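J.: sequence below, structure please.
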Amino acid sequence: FYCQENDPVPGGGGTPICRSDEMLDFLVLKYPGFVQRLETAGVKYVKITPAVDDPTSALGRSWKSMYHVQTKEEAEKRMKEQGSTWEW
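T.: Predicted structure coming up:
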């Protein structure tokens, strides 16, 4: 998959390639057992972020940029508000 944004957005998050509600409807219809297993087991997202922004890297944004903070304590507060867990 390749996507090029000619006029970068000044801020915000990633751009989805499809609507998540429509994807869920499709999965429930075509693969109900898979959806049930996800609902039972849960889903875990892992995001690895560098300490500083690096536009030349696939990782790109730092945790400071991602959470709009300057310290680990501020980032931890944001992650806690989101119900996330973390490891430094």
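J.: what's stretch 43-50 in contact with?
T.: Residues from elsewhere that reach stretch 43-50 (C-beta atoms under 8 Å, 6 or more residues apart in numbering): S57, L59, R61, S62, W63, M66. C-betas here are computed from N, CA, C, even on glycine.
J.: redo that, cut-off 10 Å
T.: Identification of contacts with stretch 43-50 by C-beta atoms under 10 Å, 6 or more residues apart in numbering yields 57, 59-67, 75, 84-87.
J.: lowest-confidence one in those residues?
T.: Note: of the contacts of stretch 43-50, the lowest pLDDT belongs to L59, at 77.
J.: over to it: give its phi and psi.
T.: Backbone torsions for L59, taken as degrees, to the nearest 10, come to phi -70, psi -40.
J.: narrow the contacts of stretch 43-50 to those that are buried.
T.: In the contacts of stretch 43-50, burial by neighbour count holds for R61, S62, W63, K64, M66, Y67, A75, counting by 16 or more other C-beta atoms under 10 Å.
J.: tell me the two of these that are most distant?
T.: Of all pairs drawn from the buried ones among the contacts of stretch 43-50, the one with the largest separation by C-beta to C-beta is R61 and A75; the distance is 12.4 Å.
J.: quick test: name the residue nearest the centre of the chain.
T.: Nearest residue to the geometric centre of the chain (C-alpha atoms, centre = their mean): K47, 6.9 Å.
J.: could you export the strand or helix carrying E76 as PDB, CA atoms only?
T.: Element membership for E76, per DSSP states H and E: helix 72-82. This file holds the C-alpha atoms of helix 72-82, laid out as PDB (Å, rounded to 0.1, in the frame of the first residue of the first chain):
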ATOM      1  CA  LYS A  72       7.400  11.000  30.200                       C
ATOM      2  CA  GLU A  73       5.200  11.900  33.100                       C
ATOM      3  CA  GLU A  74       2.900  14.000  30.900                       C
ATOM      4  CA  ALA A  75       2.800  11.100  28.300                       C
ATOM      5  CA  GLU A  76       2.000   8.600  31.100                       C
ATOM      6  CA  LYS A  77      -0.900  10.800  32.200                       C
ATOM      7  CA  ARG A  78      -2.300  10.900  28.700                       C
ATOM      8  CA  MET A  79      -1.900   7.200  28.200                       C
ATOM      9  CA  LYS A  80      -3.600   6.500  31.600                       C
ATOM     10  CA  GLU A  81      -6.500   8.700  30.500                       C
ATOM     11  CA  GLN A  82      -6.800   6.600  27.300                       C
END
